[in-house]
Every structure is written in structure tokens, then in C-alpha cells.
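Trainee: Output the structure for:
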Amino acid sequence: GLWGIRTTTGRIARQGIHPLSHSFDTVGILAREATTLGTVARQLMPDADAVTPHGIVTDPLLDELIDEDVRKAFCGWRHAVLAHHQDAHNTKDTIAITAPMLDTWLRIFQIVRGFEAWQSHGAWIHNNWDSLDPQIATRFEHDMHITREQYQLSLEQFAAARTTIRALIGNHMLLIPTVSCVAPRIGGNKAALLAIAKARAETMRLTVIAGVGGLPAVNIPLTTKQGLACGACLIGPAQSDNRVIAAAAEIADSGAQFA
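Mentor: A predicted model of the protein is given here:
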């Protein structure tokens, strides 16, 4: 039920922040409502946004990547939002980000993030495997085997992918589901752990758009018919953070009638 923003990569100084992956690390803000999120964001980013986004774009292909209960909540809410904003001549159309594109971007992310994370923390982890959650340990076990050659190649692909994502979104704001499913049930048995891993992997196919793009992304809290938390994500052009928060607050109000 939280509002939040992943800020444009590099928009807020990262000095003093514990690193994971310098290519992707960025400052985030969580808040109970849009007003607080906007206030904090303006304090951390007092300089004027360099870009003013114009209109909303959507990608119906991404609807197929989310569970049915989340899809019903998100699509119904999105319909109400777009009906309002189309009346205001404030929408562009759709873009087409395909599943193979997402898989490629996720692979690039995993290699670049994984190599950098191991460089940052591998020495400590090597002596403290038992201190890690098993799922996190599994990821670091993968990261430790990424070669520098794989990393360098993925860095080149990363630069090209970022250019592609930014070109696709252009000067608009992309409205997508934040997550693929509601939170999986907690539990330590094999089925529960597999469900958590599946939820994480499928959600990362959505979050990789802003992550690889280095773009500001704002979560708007939504709920399913059963009252479980999900969300809508508004991704804007680089350096449009404060304006994306304001736009998210506005469209949340226009979609409130559906909820």
C-alpha cells in the first residue's frame, strides 16, 4: 500500500550509500501517500526537472505477464485513467515491448548487477555464506562465476538497451503494472520458496524497464478485488522525477472512481 519512486539513475548523489551495483544503484523513496512522496522528492531533488513529459503511453503486451487477479485490478483502473485523460487529449497510444526484449534486458541486468555485486561484497560473502538467506546465497553463487569478459560484453549491450528503452518511451510516461502478482505466502517449505522465486523473477521482467533504462518510476498503490496489494507503475523520461510524481498523483485521483 505504499507510494514509492525509483529515481533517475544518478539524479541524487550516492555518496555514503552502501553499494550493490554502481551501474544500477539509485536512491528510492517510500511514503504512505503521494503528498509526502512529492515533498520528500523535492527536498532531495530541488533542482528543476530537465524534462517535461507529455502524455501517457501503455503496452498491452505486458498485461499477459501478470496474474489474473492483478490484471483485472490494473486493467480496470487503467481503463478509468485513460478514459479521463483521453478526454483531456493527454495520451499518445501504445508502444510494444515484447517478452523477448524483456528477457534480453533482464539477462543484461543480471550479469552486470551480479558481477558488480560480487566485486563489492564477494570477499565478505566468501567467509559468511551461512549468514545469507538461502535465496540470496543462491544468487551470489551464480554471481561469483560471472567472468569479466561476460561483464564487458553485457556492459556494451546495456548501453544499447538503455538507448532503446529511452527511445521507446520518448518524452511520454509509460503506465504498466508494478508487480506480476500479489505477495506470495510466507513459508519455508519448498513450494513456498519456489513461489517466492517465481514472483520475484516475473516481477523483475517488469521492473527491468526502468532499471536498465535508468528512468524514474513511481508506484501507485492498487488492490485486487480480494483486497490484496498490487500497483500501477508510471515510468517517465530521465530527469523528470518530480513531474512524474505529480502526474502519478493526478492519475491516481482520476482512477479512484474504479476502486
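Trainee: rest of the way, CA atoms for contacts and neighbours
Mentor: OK.
Trainee: What segments of the stretch 51-200 of the chain are helices?
Mentor: In the stretch 51-200 of the chain, the segments counted as helices under DSSP state H, counting those that start in this stretch are 68-87, 99-126, 134-143, 148-169, 190-213.
Trainee: Throw those into CSV and include mean pLDDT, mean neighbour count and distance to Ala246, thanks.
Mentor: Formatted as CSV, the helices of the stretch 51-200 of the chain follow (pLDDT from 0 to 100; neighbours: other C-alpha atoms under 10 Å; distance: least, C-alpha to C-alpha, whole Å):
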stretch, mean pLDDT, mean neighbour count, distance to Ala246
helix 68-87, 89, 18, 15
helix 99-126, 96, 18, 28
helix 134-143, 92, 15, 35
helix 148-169, 98, 16, 18
helix 190-213, 93, 18, 18
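Trainee: ok, the closest residue to Leu175 other than its chain neighbours - contacts?
Mentor: In space, and not counting its chain neighbours, Leu175 is closest to Leu234: 4.7 Å by C-alpha to C-alpha, 6 or more residues apart in numbering. By C-alpha atoms under 8 Å, 6 or more residues apart in numbering, the contact list for Leu234 reads 173-176, 217-220, 244, 248.
Trainee: and what of Glu116?
Mentor: Glu116 neighbours (C-alpha under 8 Å, 6+ apart): 20-22.
Trainee: Quick check: of the residues you listed, which lies closest to Leu193?
Mentor: Leu20 (23.5 Å; C-alpha to C-alpha).
Trainee: measure that closest one to Gln119 for me?
Mentor: According to C-alpha to C-alpha, to the nearest Å, Leu20 and Gln119 sit 9 Å apart.
Trainee: So which bits of stretch 40-60 are buried?
Mentor: Going by neighbour count (16 or more other C-alpha atoms under 10 Å), the buried part of stretch 40-60 is 41, 45, 49, 52-60.
Trainee: Tell me which two in those are the farthest apart.
Mentor: Using C-alpha to C-alpha, the pair of these lying farthest apart is Met45 and Pro60, separated by 32.2 Å.
Trainee: Surely Ala246 is in contact with Thr36?
Mentor: No - counting by C-alpha atoms under 8 Å, Thr36 is not a contact partner of Ala246; they are 11.3 Å apart.
Trainee: For the most centrally placed residue in the chain, which non-adjacent residue is spatially closest?
Mentor: Nearest residue to the geometric centre of the chain (C-alpha atoms, centre = their mean): Thr207, 3.1 Å. Spatially, and ignoring its direct neighbours in sequence, Thr207 is nearest to Thr178 (7.2 Å; C-alpha to C-alpha, 6+ apart).
Trainee: Would you mind listing the residues in contact with that neighbour?
Mentor: Counting by C-alpha under 8 Å, 6+ apart, Thr178 has contacts 203, 206-207, 219, 230-233.
Trainee: what sits against Thr224?
Mentor: Taking C-alpha under 8 Å, 6+ apart as the test, what Thr224 contacts is 69-70, 72-73, 230.
Trainee: let's go with 6 Å and repeat that
Mentor: Contacts were defined as C-alpha atoms under 6 Å, 6 or more residues apart in numbering; by that measure Thr224 touches 70, 73.
Trainee: Kindly list the main-chain dihedrals of it?
Mentor: Here is the backbone geometry of Thr224 (degrees, to the nearest 10): phi -80, psi 170.
Trainee: And it, how close does it get to Gly211?
Mentor: For Thr224, the distance to Gly211 equals 25 Å [C-alpha to C-alpha].
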